[in-house]
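**Student:** okay, here's the prediction I keep looking at, along with the sequence it came from:
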2 protein chains.
Amino acid sequence: MAKKKTATKKKAAAKKNTSRRKKSPTAGKIVGLAESVGTTASKKKDPAIKIPLRTLSNAKYSKSKRIIEMGNKTATRNFFDLNKAKSFMQTLLIASGCKKLIDEDKNVSIRGLYYLSKHTIPGTKEKTFDDQKESDPIIEDLEVALESLREELHVYASSRGNIAGNLTVVSQGDEIDLRRMGAGGMGIPSIVEPDVFQLKKCEAKFILHVEKDTVWQRFNEDKFWKKNNCILTHGGGQPPRGVRRLLHRMHKELKLPVYCLLDNDPWGYYIYSVIKQGSINLAFESKRMAVPDAKFIGVRSRDFEEFGLTDDVKIAIDDKDIKRSKQILNYPWFKGKKDWEKEFAQMLKQGFKMEVESLLTKSISFVTESYVPQKLKQRGKWLD
Amino acid sequence: MAKKKTATKKKAAAKKNTSRRKKSPTAGKIVGLAESVGTTASKKKDPAIKIPLRTLSNAKYSKSKRIIEMGNKTATRNFFDLNKAKSFMQTLLIASGCKKLIDEDKNVSIRGLYYLSKHTIPGTKEKTFDDQKESDPIIEDLEVALESLREELHVYASSRGNIAGNLTVVSQGDEIDLRRMGAGGMGIPSIVEPDVFQLKKCEAKFILHVEKDTVWQRFNEDKFWKKNNCILTHGGGQPPRGVRRLLHRMHKELKLPVYCLLDNDPWGYYIYSVIKQGSINLAFESKRMAVPDAKFIGVRSRDFEEFGLTDDVKIAIDDKDIKRSKQILNYPWFKGKKDWEKEFAQMLKQGFKMEVESLLTKSISFVTESYVPQKLKQRGKWLD
């Protein structure tokens, strides 16, 4: 009896695995990759993997889609090339690790995948990976080679960022009312793909994304999202993938505009750029993460005068800020944007940058009660 | 009519403010501080504030309470002392900012309080604060001088850390079921004082605290807290105050043991030490934050052999690790603890450290399905 049960269980598990494998197109792609290597090898030819380049030179800005896309430059990783044999082997190891994760329906961090794929090559003292610095880029290589999101490879980034507002979501089967999340909000999971994370009832009319958790806390404490019928998110600085993917999904599926409240400095501007049109390194994921219609509502350099701020908000810009500003203005997706050129020019001319938190010099809730409500009405003054 | 309404509203607000002021012993202490300065000044004497020292030399380990406490060394900050006049003025400014926050029943971050207290002294170009580096220590000075928690001064730290498990909590009036929080868990608020955060229904039998969010995700994904009837927390490395205060409260009020799963390195050991008996800098808060009964269940140096781990888990220790280990062993609360001395000695002798995530080299869920369940049964092998 007990034996039978175990056998049945095993069968059921096997069936479950098979059906999952069938369901996962990513697992299919990994098998395809492995088979092509195998076939080439059995023909006594040199097996190779083509990896699209993840560099600025291979990142193209699509004016029609208004996102950064990956070009078609590739590098070939051959097995019979002393310089590339190791990374060839590492690519297959990471692929094999991901296949395992998909089959077992489990997810690990990039550090976890490093450990999962690390071993000593029998008969040698050579390790497959000496450092996570070796495995991280290989994971990204695999993402682009297979045209799969990291989340589809069952690998998660560290989770950062919180959410609260007039929305109900379902995460791993749990229905969560984001209207009743107290002071902390819900932690935004790093994997928010539709199969594990769904958007349900929503009254909100827009999304306000702020840079840091401390600013988020101010808005949440002042019940901004309740008073203004919106959804409030932050990404702990440069938002991780989960936060970007969620912004993208809420924008697309719930048809909500996204307004960004970020610092008046090159860092804040670049965060906006990544939310809006994607990043260079993850150009291949822009179409699933970017929000080309996102607006930058503040903080702008002109706000210093317009809102009668005092010298107390000023943080002197340094050489790094100047260098980074020039770099950003040179990106194809900033080039020729008059408003942005003016914004950067004014910041550099004024010689100082400002943080959202500096609005506290006016009064504690100035930012939630006056500044943002006023900004939301000034459509013409948003940066785009 | 409209006028009357406004008048009534204002009255109500004033009443609310008065009652809040009455309720806050911290506001009373600030007023007391201000009055003593005023009285001294009106007597044409030199006003002064006594600030207890927050140094290792003034941190005492209480063997009976098993926590780090602050000694009674103090420094006096005089108004008529050129070297101290500025910090005297800054102390009163920060106190005044906190009084404002308490009166308005609002909270800000330490960065926020910096901006709130910063202004240019009329008739000069002198700023009250040039940098947040000046205001942060003053906030801590005030905490010890008034014997008030930062949270009672209405100042929050950045929030880090998540929680899920068999517990219901109420945060800012919202009832939150931590059994149904999906993949992300609830963000642990930075202020979890009883007036704004309450612990309700709890079936859990213990708390498992892990170091990092990626490890937390592994345990949450494997539904460890459901299978083992517990509460699962992480603090994103060294846990911030909110997480420590919540661990303390859950341990005390719900009578739950706290088990820590941290990295096998000086950093992980020190995190344990802070959770257990408090930190040097915040010694005055130990009694409200420390969990003297917390246990360190792993990762231990002996685990390498006991669990048959391979070389793949090894991270070579460096000079910094050696130096930090010696420093930690010299703290009065480690001194003479044989088990800890042996643990450090073994780590240094083995010449490597290990992360919790390295247990993935065994298998994906080894840590949740074998390692921790086994560790929980080995009471004799816990570090204390």
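**Tutor:** That came through, no problem. Bear in mind that the values here come from a model prediction, so they are computed numbers and not experimental data.
**Student:** just list whatever residues bridge to the residue lying closest to residue A:384 once chain neighbours are set aside.
**Tutor:** Excluding its sequence neighbours, the residue lying closest to residue A:384 (Cβ to Cβ, 6 or more residues apart in numbering or on different chains) is residue A:295, at 6.2 Å. Bear in mind the C-beta positions are built from the backbone N, C-alpha and C, glycine included. Residues in a beta bridge with residue A:295, per DSSP bridges, are residue A:259.
**Student:** quick one: average confidence on stretch A:29-47?
**Tutor:** If you average the pLDDT over stretch A:29-47, you get 93.
**Student:** ranges for the strands of the stretch 201-350 of chain A?
**Tutor:** Along the stretch 201-350 of chain A, counting by DSSP state E, counting those that start in this stretch, strands occupy A:206-210, A:230-234, A:258-261, A:295-298, A:315-316.
**Student:** nearest to residue A:343, out of those?
**Tutor:** When the strands of the stretch 201-350 of chain A are compared by Cβ to Cβ, strand A:295-298 sits nearest residue A:343, at 8.8 Å.
**Student:** list the helices and strands the closest one packs on?
**Tutor:** strand A:258-261, helix A:372-377 (3 or more Cβ pairs under 8 Å, 6 or more residues apart in numbering or on different chains; DSSP states H and E).
**Student:** now do the residue nearest to residue A:274 when sequence neighbours are not counted against residue B:111, distance only.
**Tutor:** Take residue A:274 and drop its neighbours on the chain: the residue closest to it by Cβ to Cβ, 6+ apart is residue A:238, 6.6 Å away. Distance of residue A:238 to residue B:111, given as Cβ to Cβ, to the nearest Å: 18 Å.
**Student:** burial count for the residue nearest to residue A:384?
**Tutor:** 18 (other Cβ atoms under 10 Å in any protein chain shown).
**Student:** low-confidence stretches in chain A?
**Tutor:** A:1-23 (pLDDT under 70).
**Student:** give me that answer again for 80
**Tutor:** Along chain A, the parts satisfying pLDDT under 80 run over A:1-23, A:157-159.
**Student:** care to break it down by domain?
**Tutor:** A:22-46+A:81-156, A:158-261 (automatic domain parsing).
**Student:** end to end on the longest one, go ahead and measure it.
**Tutor:** With Cα to Cα, to the nearest Å as the measure, the first residue of domain A:158-261 is 23 Å from its last.
**Student:** now do that domain: distance to the chain's middle.
**Tutor:** 14 Å (Cα atoms, centre = their mean, to the nearest Å).
**Student:** hmm, back to that, ok, the residue nearest to residue A:384 - contacts?
**Tutor:** Applying Cβ atoms under 8 Å, 6 or more residues apart in numbering or on different chains to residue A:295 gives the contacts A:257-260, A:382-384.
**Student:** again, only this time at 7 Å
**Tutor:** A:259-260, A:382, A:384 (Cβ atoms under 7 Å, 6 or more residues apart in numbering or on different chains).
**Student:** what's the spacing between it and residue A:89?
**Tutor:** 46 Å.
**Student:** hmm, back to that, can you list the domains of chain A in CSV and add mean neighbour count and distance to residue A:331?
**Tutor:** Putting the domains of chain A into CSV (neighbours: other Cβ atoms under 10 Å in any protein chain shown; distance: least, Cβ to Cβ, whole Å) gives the following:
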stretch, mean neighbour count, distance to residue A:331
domain A:22-46+A:81-156, 17, 20
domain A:158-261, 21, 16
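**Student:** tell me which of the ones you listed sits nearest to residue A:323.
**Tutor:** Across those (criterion: Cβ to Cβ), the nearest stretch is domain A:158-261, sitting at 18.1 Å.
**Student:** what about the strands in the stretch 51-200 of chain A?
**Tutor:** Under DSSP E, counting those that start in this stretch, the stretch 51-200 of chain A gives strands at A:59-62, A:67-70, A:74-78, A:108-109, A:155-156, A:162-165, A:167-171, A:174-177, A:186-187, A:197-202.
**Student:** looking at those strands, which is nearest to residue A:225?
**Tutor:** strand A:162-165 (4.1 Å).
**Student:** so which elements touch that closest one?
**Tutor:** strand A:186-187, helix A:213-221, strand A:230-234 (3 or more Cβ pairs under 7 Å, 6 or more residues apart in numbering or on different chains; DSSP states H and E).
**Student:** of these, which is nearest residue B:270?
**Tutor:** That would be, of those and by Cβ to Cβ, helix A:213-221, which comes in at 24.1 Å.
**Student:** gap between the residue nearest to residue A:384 and residue A:258?
**Tutor:** 7 Å.
**Student:** ok, residue A:334 next?
**Tutor:** 19 Å.
**Student:** what sits against the residue nearest the centre of chain A?
**Tutor:** Note on chain A: the residue nearest the mean C-alpha position is residue A:241, at 2.1 Å, using Cα atoms, centre = their mean. By Cβ under 7 Å, 6+ apart, the residues touching residue A:241 are A:150, A:157, A:190, A:289.
**Student:** ditto for residue A:321
**Tutor:** So residue A:321 contacts A:265-266, A:353 (Cβ under 7 Å, 6+ apart).
**Student:** neighbours around residue A:310, how many?
**Tutor:** 13.
**Student:** what does the stretch 1-150 of chain A put close to chain B?
**Tutor:** A:104, A:106-109, A:111-112, A:115-116, A:118-120, A:127 (Cβ under 7 Å from any Cβ of the partner chain).
**Student:** can I get these in a markdown table including distance to residue B:375?
**Tutor:** Below are the residues of the stretch 1-150 of chain A next to chain B laid out as a markdown table (distance: Cβ to Cβ, whole Å):
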| residue | distance to residue B:375 |
| --- | --- |
| A:104 | 23 |
| A:106 | 21 |
| A:107 | 23 |
| A:108 | 20 |
| A:109 | 21 |
| A:111 | 21 |
| A:112 | 19 |
| A:115 | 19 |
| A:116 | 21 |
| A:118 | 23 |
| A:119 | 24 |
| A:120 | 26 |
| A:127 | 27 |
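**Student:** ok, which pair from those is furthest apart?
**Tutor:** Longest span within the residues of the stretch 1-150 of chain A next to chain B, Cβ to Cβ: A:107 and A:120, 25.8 Å.
**Student:** hang on, residue A:243 packs against residue A:188?
**Tutor:** Yes - using Cβ atoms under 7 Å, residue A:243 is in contact with residue A:188, at 5.2 Å.
**Student:** mind listing the shared neighbours of these two?
**Tutor:** Counting by Cβ under 7 Å, 6+ apart, the residues touching both residue A:243 and residue A:188 are residue A:161.
**Student:** any chance you could map the helices in the stretch 1-150 of chain A?
**Tutor:** Using DSSP state H, counting those that start in this stretch, the helices of the stretch 1-150 of chain A run over A:2-23, A:25-42, A:85-104, A:110-117, A:132-146.
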